[in-house]
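> kindly generate the corresponding structure for this input.
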Amino acid sequence: MERHQETFFGCDAAYEDARIVIFGAPFDSTTSYRPGTRFASRVMRAEAYGLETFSPYQDLDLADAQIFDAGDLEISFGETGKALAAIEERAAEIFADGKTPFMLGGEHLVTLGAVRAAAKKYPDLCVVHFDAHTDLRDEYLEAKLSHATVIRRCWDILGDGRIAQFGIRSGEGAEFRWAEKEGHTSLHRFDFTGLREAVAEFAGKPVYFTIDLDVLDPSCFPGTGTPEAGGVTFKELLNAALTVIKGSKVVGCDLVELSPPLDESGASTATALKILREMLLALEKPFMKPEMV
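This is a model prediction of the structure:
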């Protein structure tokens, strides 16, 4: 892979040297309400220059990390299957080279392509999912592939006991019953209560970590297609994300559902970038030299 001409802050290592590989999946063709997430990775990359590489939360600097930015995939907007195949192929390539893919959506369905690749590499894969929505419908408007069905499609691959969901505050009653009463996923309503227990349960197992940024309250993150009142704060999300990364064997990550056109202030993009920076640093910390940590 060649380095993208315009890279994220401090993410300019050579591919051969990198442990984490960022790539964008600019796809939003199954968005159920307001589109625009296809622009997220491009806008985030451009706006990254407004944020420092240093994290006062972790006392770490992305300038000391080994991260490669592969740019955005060229994705077929009209054919969902082809789009997912392209994402799976890119994630599989990164896994095959012993590196960690970090995907930037796009709508939440893009997660399915990466999880397909991860499950082939790691048959005992588990998923930690932060979101406002259950995403557990079996179909949406007669479509099996939708950002409203993505976690159900992941369950088709993984089965019971391997998906933990947090921050959930929206969905059909049937979805909640399917998860909670039938026990197909470990669903936690409204916040991150029970997160440490879930992390401990998945200890030692490979974890794919997916964050739908609408888990944040729209008062601090309006730039998303399906905002839901009653969400978590930035600091709560930051602490929860670090809990997952520090306590788990994270093999892949994504951030999805930022829609920059829906927040002209740019505050939502800046928030997404800060979460990205902190997640990248937490993933890199075990490999940094002692004097950098």
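
> show the pLDDT at Lys144.
On the pLDDT scale, Lys144 is placed at 85.

> isn't it up against Val150?
No: taking contacts as CB atoms under 8 Å, Lys144 lies outside contact range of Val150: 10.5 Å. From N, CA and C alone the C-beta is placed, and that goes for glycine too.

> so between these two, which is more surrounded?
Val150 (28 against 13; other CB atoms under 10 Å).

> who's in contact with the more buried one?
Listed by CB atoms under 8 Å, 6 or more residues apart in numbering, the contact set of Val150 reads 108-109, 111-112, 135.

> show me which pair in those is furthest apart.
Within those, Leu112 and Asp135 form the most distant pair, 10.2 Å apart (CB to CB).

> so which of the two has more stuff around it?
Applying other CB under 10 Å to Leu112 and Asp135 shows that Asp135 carries more neighbours, namely 28 against 24.

> part of a helix, is that one?
No: counting by DSSP: H, G, I helix; E, B strand; the rest coil, Asp135 is located in no helix; its state is coil.

> show me where the stretch 151-293 of the chain has strands.
163-168, 186-189, 206-212, 249-256 (DSSP state E, counting those that start in this stretch).

> dump those to TSV, plus mean neighbour count, mean pLDDT and distance to Leu262.
As requested, the strands of the stretch 151-293 of the chain are exported to TSV (neighbours: other CB atoms under 10 Å; pLDDT from 0 to 100; distance: least, CB to CB, whole Å):
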stretch	mean neighbour count	mean pLDDT	distance to Leu262
strand 163-168	26	98	20
strand 186-189	20	98	25
strand 206-212	25	98	15
strand 249-256	23	98	14
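
> burial of Tyr33, as a residue count?
11.

> also the one 3 residues further on?
When neighbours are counted by other CB under 10 Å, Gly36 registers 20.

> find the nearest non-adjacent residue to it, please.
For Gly36, ignoring the flanking residues on the chain, the nearest one in space by CB to CB, 6 or more residues apart in numbering is Ser259 at 3.6 Å.

> next one: the one you found from Asp214, what distance?
9 Å (CB to CB, to the nearest Å).

> any idea how far the residue nearest the centre of the chain is from Thr210?
Centroid-nearest residue in the chain, with CA atoms, centre = their mean: Asp254, separated by 2.2 Å. Counting by CB to CB, the gap from Asp254 to Thr210 is 5 Å.

> between these two, what contacts are shared?
With CB under 8 Å, 6+ apart as the test, Asp254 and Thr210 both reach Thr111.

> so how far is Ala92 from Val115?
11 Å.

> kindly report the same for Leu104.
18 Å.

> repeat that for Cys11.
From Cys11 to Ala92 the distance is 21 Å (CB to CB).
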